[in-house]
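In: Fold the following for me, if possible:
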Amino acid sequence: MPGQDIKLTSTSYIVLGLIDLRGPSTPYDLKGLLEQSVANFWPVPHTTFYAEPDRLAGAGYLTIDQEQGGRRRKTYEITPAGTDALRTWVQTAEASSPVMHDEGMLLVFLGADPEPVNRARIVWHTEKLTELEGYLDRQVKANGPAGVIRSLIAGTMYHRMCIEMHEKLLALSDASAE
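Out: Numbers count the residues shown, from 1 in each chain. The predicted structure is shown next:
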């Protein structure tokens with residue numbers, strides 16, 4: 001493989017997977033696709049995400065086509081080595097355990113009034129549910145990739161479950177106030 005030998009990370013696989021799904025992509029394309037898909041269940045710091053395509057290109061997993069004039073925009077495309085690495089990783093079916101990372105729950109744990117935290121979480125999860133249902137509807141109508149549709153179904157189910165959880169936590173707060 002040309003270039004440097006690198007360790008592939010979850011961010012590496014996200015970049016490879018998004019380019020594999022979409023085709024040749026600019027950093028702007030990737031950012032938009034990330035925000036509408038993977039970032040809903042796997043947040044990636046933008047600085048890490050923006051640096052990753054060049055790192056992958058240096059290792060031979062992507063090619064770069066950069067405009068010679070104007071904005072000198074870069075377009076990345078997955079190489080056969082990138083496709084092989086992605087397929088090998090996807091076929092492992094090994095994933096780390098999920099982690100709940102909710103600052104609202106941390107606030108409640110440390111003594112915050114649970115009512116405003118839970119009410120705010122219900123609003124946020126309801127808005128996110130609406131957003132994901134829109135993405136899901138568009139993907140189903142477009143006969144989108146099965147993996148994308150499945151992840152959107154999981155996302156909508158997750159947000160419904162979170163709404164239910166926060167409603168129950170609010171009921172506990174109301175019961176203890178009586």
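In: Report the buried residues of the lengthiest helix in the chain.
Out: Taking DSSP state H as the criterion, the chain has its longest helix at helix 146-177. Neighbour counts over helix 146-177 (16 or more other Cβ atoms under 10 Å) mark 148-149, 151-152, 155-156, 158-159, 162-163, 166, 169-170, 173 as buried. To be clear about C-beta, it is placed using only N, CA and C from the backbone, and glycine gets the same treatment.
In: show me the contacts for the residue nearest the centre of the chain.
Out: Per Cα atoms, centre = their mean, the C-alpha nearest to the average position across the chain is that of residue 38, at 1.9 Å. Residue 38 makes contact with 14, 17-18, 44 under the criterion Cβ atoms under 8 Å, 6 or more residues apart in numbering.
In: Narrow those residues to those in helices?
Out: 14, 17-18.
In: Of those - the most surrounded one?
Out: residue 18 (23 neighbours; other Cβ atoms under 10 Å).
In: Give me the nearest residue to it, chain neighbours excluded.
Out: residue 33 (5.1 Å; Cβ to Cβ, 6 or more residues apart in numbering).
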